[in-house]
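Peer 1: Structural data only, the sequence is not supplied:
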């Protein structure tokens, strides 16, 4: 499902063509892919999240988003393995920031 041409875009920092061999699929299951890319030219790192469109009229289309990161592939993998935040976690963080 993951088309290599989708990943052969330009680096968001230096705008040079990305090289497929510089990319690593961190997650690839159930139509969701998280791809880590480190630019061979400027060494910036990015994560591309690719999934199937959830809209019925766009069946078969892919939706992609790319973000810059300072994480290494192992750090991305370990953070994805952690339990998701719950509403109570967010409230706890908010309350702690208001107390200081």
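Peer 2: Received it, and whenever you're ready, just let me know what you need. What you see is a predicted model, and the numbers here were worked out from it, not measured in a lab.
Peer 1: C-alpha from now on. contacts and neighbour counts both.
Peer 2: OK.
Peer 1: in the chain, which helix or strand is least confident?
Peer 2: In the chain, no helix or strand scores lower on mean pLDDT, DSSP states H and E than helix 4-7, which sits at a mean of 56.
Peer 1: Which helix or strand lies directly C-terminal to that one?
Peer 2: Later in the chain than helix 4-7, the nearest helix or strand by DSSP states H and E is strand 23-29.
Peer 1: What residues of that next one count as buried?
Peer 2: Neighbour-count burial for strand 23-29, counted by 16 or more other Cα atoms under 10 Å, picks out 23, 26-27.
Peer 1: From the chain's centroid, how far away is the helix or strand immediately after it in the chain?
Peer 2: Next helix or strand after strand 23-29 toward the C-terminus (DSSP H and E): strand 32-38. Centre-to-centre, strand 32-38 and its host chain are 5 Å apart (Cα atoms, centre = their mean, to the nearest Å).
Peer 1: burial count for residue 9?
Peer 2: Each residue near residue 9 was counted by other Cα atoms under 10 Å, and the total is 14.
Peer 1: before we move on, what about residue 33?
Peer 2: Counted by other Cα under 10 Å, the residues lying close to residue 33 total 20.
Peer 1: do residue 19 as well
Peer 2: By other Cα under 10 Å, 17 other residues sit near residue 19.
Peer 1: Now do the contacts for the residue nearest to residue 70 when sequence neighbours are not counted.
Peer 2: If the residues on either side of it in the chain are set aside, residue 70 comes closest to residue 45, at 6.4 Å by Cα to Cα, 6 or more residues apart in numbering. The neighbours of residue 45, taking Cα atoms under 8 Å, 6 or more residues apart in numbering as the test, are 36-39, 68-71.
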